[in-house]
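Peer 1: Okay, predicted coordinates and the sequence, questions at the end:
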Amino acid sequence: MSPLQVVLSGGPTAIPVDELVQLVDRLDERVKLLRGNGRDHFAYFGETAMHDGQELPRFDWVTRTSVAE
């Protein structure tokens, strides 16, 4: 199966445009972005969003975890 494009939504800070669309293998996996000294976690809850004329699965922000030192 080829990767799926998804769009990220929410979070404590704005998502940089170059990270807004991500590729995932499965919709039941979380997307984790390294941002500063932590990771922002995004999950799929069955919603979609329009991005550049395409309706994509929307992954919403759920939590932030610290990077272990």
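Peer 2: Nice, thanks for sending it over.
Peer 1: in the chain, which helix or strand is least confident?
Peer 2: Ranking every helix and strand in the chain by mean pLDDT, DSSP states H and E puts strand 31-35 at the bottom, with a mean of 92.
Peer 1: Counting by contacts, list what the helix or strand just after that strand packs against.
Peer 2: For strand 31-35, the following helix or strand on the C-terminal side (DSSP states H and E) is strand 38-51. Strand 38-51 is packed against strand 4-9, strand 31-35, strand 54-66, with contacts defined by 3 or more C-beta pairs under 8 Å, 6 or more residues apart in numbering; DSSP states H and E. The C-beta positions use only the backbone N, C-alpha and C, and glycine is treated the same way.
Peer 1: re earlier: hmm, who's touching the least confident helix or strand of the chain?
Peer 2: Applying C-beta atoms under 8 Å, 6 or more residues apart in numbering, the contact partners of strand 31-35 are 6, 8, 13, 15, 19, 22, 24, 39-43, 59, 67.
Peer 1: Lowest pLDDT pick from these?
Peer 2: Looking at the contacts of strand 31-35 by pLDDT, the weakest one is residue 13, with 80.
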